[in-house]
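Visitor: Quick one, structure for this:
(chains A and B)
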Amino acid sequence: MSEANSYLNRRDVLKRLGAAGVVGALAPFGIRAALAADKLVVGVIYVGPRDDYGYNQAQAQAASAVKKLPGVTIIEQEKVPETNDVQKTMGSMIEQDGATLIFPTSFGYFDPHVIRMAEKYPKVRFAHCGGLWTEGKHPKNAGSYFGYIDECQYLNGIVAGFTSKTKKIGFIAAKPIPQVMRNINAFTLGAQSVDPKITTQLIITGDWSLPVKEAEAANSMIDQGVDVITCHVDSPKVIVETAERRAIYVCGYHADQTVLAPKGYLTGAEWNWVTPYTTHIQDAIAGKSMNNFLRGGLKEGFVKMSPYGKAVSEAARSKADSVKAAMVKGDYVVFKGPLKDNTGKTILAKGAAYQQTDPVLEQMNYLVEGVVGKA
Amino acid sequence: MQSARVAHLGPAVEALVIPFGALAVALLLFGLFMTVLGHDPLEVYALIYKGGFASSFSWQNTLSRAAPLILTALCVALPAQAGLMVIGSEGALVLGGLAAAVVGHQLGGMIPSVIKLAMAVAGMLVGGLWIALAGALRQYRGINETISSLLLNYIAIALFNHLVEGPLRDPASLNKPSTMPIPDVNMLGNLPGLDVHWGLGFGAIFCVAMYVLIKHTTHGFALRIVGGNARAARLAGLPVSKLVIVACFLGGAASGLAGMAEVAAVHGSANASLIAGYGYAGILVAFIARQNPLAIIPVAVFLGGISASGGMLQRRLDLPDATVLVLQGIAFLLILASETLYGRFKIFKPRETEPAAAVDKASSLIVQEVAR
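Guide: I've put the predicted structure just below:
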């Protein structure tokens, strides 16, 4: 009997613990007052961690900057996959938090997730990062913002070209898609503007976040004599760290990675999403109709360069600064003839050029001469 | 008669009290953790409840997140009946989804319901064959099925990426390589009256069917004998290899169906977004459910709820995503650890000397359970 009692007691304890948990969960008090009604509630959704030193961090920095705008409340959710989860996350922000402007920041969120939610919630604005919104095809309460970051990759290339002694520079890329190839080509052209003999070793890892493969790629490039490296992956962290550990130089991407490589970080191509975030938020507050297609480069303040590292020479700085000044003025063209791809095919004849806004650049499916590798 | 019923009820009650007790302890520990981080634990509990379970919206959020996990968990739980540890559901899901996308596009002009059926069959067939391969490798070549199914995941994803970015790529999908889109009319809709797609319905039906198959048919009985002791089963004349491979096939078919539902109800084509880790999350669900097909449903719903609540915690308290993983980790660890408690509470065992008292005890326990 006493034994049974002791079991009963244990069960009693369990029961009380359980009850405490349930009562706690049901407690009506303690919920933070629902988000203030007179403020514009802005939801920001990230596909990865906010502190990835890369793509997501660049977005999170903008979100954190616009928090200071008057009349704005920012709510954030990270590591949301490009599945039904992101639809439910957008829905939760709208239904549970009262968000009326949402920044779904991952490229893969747009089709079908953003489109479907924009159709379902016609009064909510969806500002998607990427260049996918098309007039007449997509809802008016959705839109795209994106930046011409190949300008910055070109400047990266100039600095890399001045710094490299082996004349072999490296690019680690996630996927052979137009966006990425444009960066590879711009980086290579920038370096070749310093020395036409420079070649870019290319390694494609196959996915946006494969830290182990990225580190292996960096190491194997360094073993082959590459002495400046850059990348287009979601988080450049391991690549930048590997470069620093092996004592070579590195150009950043997405966000500022100086702290990861205080010796070897030359400069970097960064997004400056504060510009489109501010535009969308101010339009929403003013009740103006949504600007569905926001695009810009250095001139419009959509992209920016990391501060130069110690290793960057005076010559490199002045050349990069002068090209940058021309880009800011709007009279520098990255893709101009004569231009050949790395199979020898002519892309642009002498005198011809693709302006930055030319849609043909969005379909880039070639690698320029001097890129060693295949897409 | 009475004592037989009690003998049945005692373990059933035990199977409820122990995991729920573990869950309650987990919530308490998590509350403690939140207190240490400087948050009000009651507010945290309230947000968890609000995010995952308080309204019809939050329930639909929870159920949507649970839907794929139910099917991928079956991919682990079914081979487990035959004593196999298969962890290949991710691979079966992506290839099943790819097969469904190809069929859905190729059959473009036919009657929508026929196309939907064909997509489901294609997804199940490809997913099923993929896992059956792991079963066959084990039965005929003696290769450990856990390792082979894990490696098959990598092969499946590589194959998937190769096909989606190469031969099967829609040339119009520039920066997000995808297969050709499935026309809207051929897409799976939502369950009637809910904002939850048909994947949930498929999962529930599949679970119940498999439960009946395993517990109430001679085939299921034979399968469980194989799981208990394959050598004895062989001595008894059971077709062991066939049973193992069929169990693997059914598991893979469940995962392939999950892939089909993702493609046909959500994405509209196959692309890298399909590789979202549902297969791996399903392993967790199957283990917490102790490989029981019926238990998979509530466990998947619970996991879906935590994931839905996690968003709420992130948005309202500015907590990182990792916070939810802490809760999930504590909860699942305690639930698994609590398995050692089964059979250790006399209260759940029928007392033959005083059957009437046991009935009273059991019924009062049920009343308490219901009251909670």
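Visitor: Compute the distance between the nearest residue to residue A:121 once chain neighbours are set aside and residue A:86, please.
Guide: Nearest non-adjacent residue to residue A:121, counting by C-beta to C-beta, 6 or more residues apart in numbering or on different chains: residue A:94, 5.6 Å away. No exception for glycine: its C-beta is placed from N, CA and C like everyone else's. Taking C-beta to C-beta, to the nearest Å as the measure, residue A:94 falls 13 Å from residue A:86.
Visitor: Pretty sure the residue nearest to residue A:121 sits in a strand.
Guide: No. Residue assignment for residue A:94, taken from DSSP: H, G, I helix; E, B strand; the rest coil, gives helix, which places it outside any strand.
Visitor: wait, doesn't it sit right on residue A:120?
Guide: No. In this structure, residue A:94 sits apart from residue A:120 without contact. The criterion is C-beta atoms under 8 Å, and the distance is 9.1 Å.
Visitor: Among the two, which residue is more densely surrounded?
Guide: residue A:94 (20 against 14; other C-beta atoms under 10 Å in any protein chain shown).
Visitor: Could you tell me what pLDDT the model assigned to the more buried one?
Guide: You'll see residue A:94 listed with a pLDDT of 96.
Visitor: Around chain A, pick out the residues from the stretch 251-372 of chain B.
Guide: B:262, B:266-268, B:271-274, B:276-277, B:307-308, B:311-312, B:314-318, B:320-321, B:345-347, B:368, B:372 (C-beta under 8 Å from any C-beta of the partner chain).
Visitor: 7 Å instead, please
Guide: Along the stretch 251-372 of chain B, the residues adjacent to chain A under the rule C-beta under 7 Å from any C-beta of the partner chain are B:262, B:266-268, B:273, B:276, B:311-312, B:314-316, B:320-321, B:345-347, B:368, B:372.
Visitor: Filter these down to the ones in helices?
Guide: When DSSP state H is applied, those are split such that B:311-312, B:314-316, B:368 fall in helices.
Visitor: need the residues of the stretch 51-200 of chain A near chain B, please.
Guide: Contact residues of the stretch 51-200 of chain A with respect to chain B, defined by C-beta under 7 Å from any C-beta, are listed as A:75-79, A:81-85, A:88-89, A:92-93, A:95-97, A:107-108, A:112, A:177-179.
Visitor: mind running it again at 8 Å?
Guide: By the rule C-beta under 8 Å from any C-beta, the part of the stretch 51-200 of chain A lying against chain B is A:75-85, A:87-89, A:91-93, A:95-97, A:107-108, A:111-112, A:130, A:175-179.
Visitor: residues touching the closest residue to residue A:261 other than its chain neighbours, list them.
Guide: Take residue A:261 and drop its neighbours on the chain: the residue closest to it by C-beta to C-beta, 6+ apart is residue A:244, 3.7 Å away. Shown in contact with residue A:244 (C-beta atoms under 8 Å, 6 or more residues apart in numbering or on different chains): A:250, A:260-265.
Visitor: Give me the buried subset of those.
Guide: Taking 16 or more other C-beta atoms under 10 Å in any protein chain shown as the criterion, what is buried in those is A:250, A:260-261, A:264-265.
Visitor: Do you have the helices of the stretch 1-150 of chain B handy? List them.
Guide: B:2-36, B:41-52, B:56-81, B:89-106, B:112-141, B:145-165 (DSSP state H, counting those that start in this stretch).
Visitor: Start and end of stretch B:182-200, how far apart?
Guide: The distance separating the two terminal residues of stretch B:182-200, taken as C-alpha to C-alpha, to the nearest Å, comes to 21 Å.
Visitor: So what touches that stretch?
Guide: Among residues not part of stretch B:182-200, those counted as contacts by C-beta under 8 Å, 6+ apart are A:84, A:91, B:60, B:63-64, B:66-68, B:70-71, B:101, B:104-105, B:107-108, B:112, B:115-116, B:119, B:201, B:257-258, B:261-266, B:268-269.
Visitor: likewise stretch B:235-252?
Guide: Counting by C-beta under 8 Å, 6+ apart, the neighbours of stretch B:235-252 from elsewhere in the structure are B:74-79, B:81-82, B:84, B:86, B:88-89, B:92, B:96, B:127-132, B:134-136, B:138-140, B:145, B:210, B:219, B:222-223, B:225-226, B:230, B:233-234.
Visitor: Tell me who's in contact with residue A:183.
Guide: By C-beta under 8 Å, 6+ apart, the contact set of residue A:183 is A:149-150, A:153, A:171, A:173, A:232, A:253, A:269.
Visitor: picking that back up, out of the residues of the stretch 251-372 of chain B next to chain A, which end up buried?
Guide: Here the buried ones among these, as counted with 16+ other C-beta under 10 Å, turn out to be B:262, B:266-268, B:273, B:276, B:311-312, B:314-316, B:320-321, B:345, B:347.
Visitor: Out of those residues, which two sit at the greatest distance?
Guide: For those, the maximum inter-member distance is 53.3 Å, found between B:268 and B:347 (C-beta to C-beta).
Visitor: Around chain A, which positions in the stretch 51-200 of chain B sit nearby?
Guide: If contact is defined as C-beta under 8 Å from any C-beta, the residues of the stretch 51-200 of chain B in contact with chain A are B:51, B:57-58, B:60-61, B:64-65, B:67, B:161, B:165, B:174-177, B:195, B:197.
Visitor: Get me the contact residues on the stretch 251-375 of chain A for chain B.
Guide: Within the stretch 251-375 of chain A, the positions lying close to chain B (C-beta under 8 Å from any C-beta) are A:362-363.
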